[in-house]
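Novice: got a predicted model here, sequence first, then my questions.
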Amino acid sequence: MTTSPNITNTLNGVLQGLMRRYSERVPDVKTIIDAMIEDGIITLAGEIENDHIAFRTMGVPHLGLASFEKIFTHYGYEKRDRYDFTEKKLTAYWYSPPAGTNANLPRIFVSELRVHELSAEAQRIIHRYTDTVTSDPVDALDLDDAAAVDAFLHRPLWQTPTLSDYQTLLAESEYAAWVIYNRYYLNHFTISVHNLKEGYNTIDEFVAFLQAKGLRLNSAGGTIKVSPDGALRQASTVAQLIDAEFAGGDVFRIAGSYVEFAERRVLPSFTHLSPDQIGREHRREGFEAGNADKIFESTFTTQTNR
Ligand code: OOG
Ligand code: NI
């Protein structure tokens, strides 16, 4: 499918809005960009290739993947592989950017909590908030209006939770607690490292650079997560804490969003190509459940309280 210039403009507007608010909420974004400029890895933030962005959703009627994905499929994104996280009770899909755009758009990773698999109490808490949503809010949205979509992604879908509901959810599902407060805030953006200059274009080198700059990285399953084929290598920061204001005015520090780093190696059938011939299509695509399972924990208290 080819995408009209108008749709591409709208999509770019939505992505810019997401990145702007996300950068404000996650000071590590600026810290990392400034460090990259300082070390001469890039001269401008705009040179960074965004491998993918990620969102989290509640799997309840009118919301979840089925609702959320309509935003990006409208802009020409295509639904790709499914991933299952049994222990965390999550389902995820990734979406590839519209073909025919040369803008180097990010992939999108969207996950959904299988709410019906939680305890009766956790389900009751979640539904206390989400039941106020009685029709799919994306259907009511003008997806060709970037400002409207931007406002939607940053507007509360349900009432601000109480601290006690948040804490009850946290004890059973860290993911549920994250979504009940943070909703559709961008969960992370991802710096592609393989196209950076030599000395920084492998995940091992980039992680060493981040550690030297004092960034705190997610250690779940080891700092660098490697797919079984060895070709998708990922790392992430530990989510930054935000002072969240709960219903009734309680303020409590909770996990916000984080930054991820990805190296996609050239596939074996393309290793004969010279570096200037290598494009996205020659590198490892998609995601890896084993890596993702540990990356989710970037917002978990097992990492943020470490
Ligand atoms: C997503 C975790 C998975 C990846 O690249 O595999 C992930 C999340 O934390 O919501 O980002
Ligand atoms: Ni990711």
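Specialist: Right, received. Where do you want to start? Numbering: from 1, shown residues only. Ligands and ions are numbered 1, 2, ... in the order given.
Novice: tell me how far the closest residue to ligand 1 within the chain lies from residue 225.
Specialist: When scored by C-beta to the nearest ligand atom, the chain has residue 292 as its residue closest to ligand 1, at 3.2 Å. To be clear about C-beta, it is placed using only N, CA and C from the backbone, and glycine gets the same treatment. According to C-beta to C-beta, to the nearest Å, residue 292 and residue 225 sit 8 Å apart.
Novice: ditto for residue 287
Specialist: Residue 287 is 11 Å from residue 225, by C-beta to C-beta.
Novice: give me the contacts around the host helix or strand of residue 51.
Specialist: Here residue 51 sits within strand 50-58, counting by DSSP states H and E. With C-beta atoms under 8 Å, 6 or more residues apart in numbering as the test, strand 50-58 has contacts from 15, 18, 63-65, 67-68, 94, 104, 106-113, 115, 126, 130, 175-176, 178-180, 182, 184, 186-192, 260, 262, 264.
Novice: just those residues that are near ligand 2?
Specialist: For ligand 2, the contacts drawn from these by C-beta under 5 Å from the ion are residue 260.
Novice: and the buried ones among the contacts of strand 50-58, selectable in ChimeraX?
Specialist: Burial among the contacts of strand 50-58 is assessed by 16 or more other C-beta atoms under 10 Å; the matching ChimeraX selection reads:
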select :15,18,63,64,65,67,68,94,106,107,108,109,110,111,112,113,115,126,130,175,176,178,179,180,182,184,186,187,188,189,190,191,192,260,262,264
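Novice: coming back round to it: I'd like the next helix or strand past the strand holding residue 51.
Specialist: Assigned by DSSP H and E, the successor of strand 50-58 is helix 64-74.
Novice: and that following helix, how far out from the chain's middle?
Specialist: Relative to the chain's own centre, helix 64-74 is displaced by 15 Å; criterion: C-alpha atoms, centre = their mean, to the nearest Å.
Novice: just checking, what packs against that helix?
Specialist: With contacts defined as 3 or more C-beta pairs under 8 Å, 6 or more residues apart in numbering; DSSP states H and E, helix 64-74 has these neighbours: strand 50-58, strand 90-96, strand 107-113.
Novice: now the ones you listed in TSV, with mean pLDDT and distance to residue 280?
Specialist: Formatted as TSV, those follow (pLDDT from 0 to 100; distance: least, C-beta to C-beta, whole Å):
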stretch	mean pLDDT	distance to residue 280
strand 50-58	98	10
strand 90-96	98	10
strand 107-113	99	10
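Novice: list the contacts of the residue of the chain closest to ligand 1.
Specialist: Counting by C-beta under 8 Å, 6+ apart, residue 292 touches 83, 85, 92, 109.
Novice: isn't the second one right up against residue 297?
Specialist: Right, the one you point to is residue 85. No: taking contacts as C-beta atoms under 8 Å, residue 85 lies outside contact range of residue 297: 11.0 Å.
Novice: looking at those two, which is more packed in?
Specialist: It is residue 297, of residue 85 and residue 297, that has more neighbours when counted by other C-beta atoms under 10 Å, with 21 against 17.
Novice: where does that one land in three-state SS?
Specialist: Of the three states, residue 297 takes helix according to DSSP: H, G, I helix; E, B strand; the rest coil.
Novice: how far away is the residue nearest to it when sequence neighbours are not counted from residue 205?
Specialist: Excluding the flanking residues, the one nearest residue 297 by C-beta to C-beta, 6 or more residues apart in numbering is residue 220, at 4.1 Å. As judged by C-beta to C-beta, residue 220 and residue 205 stand 21 Å apart.
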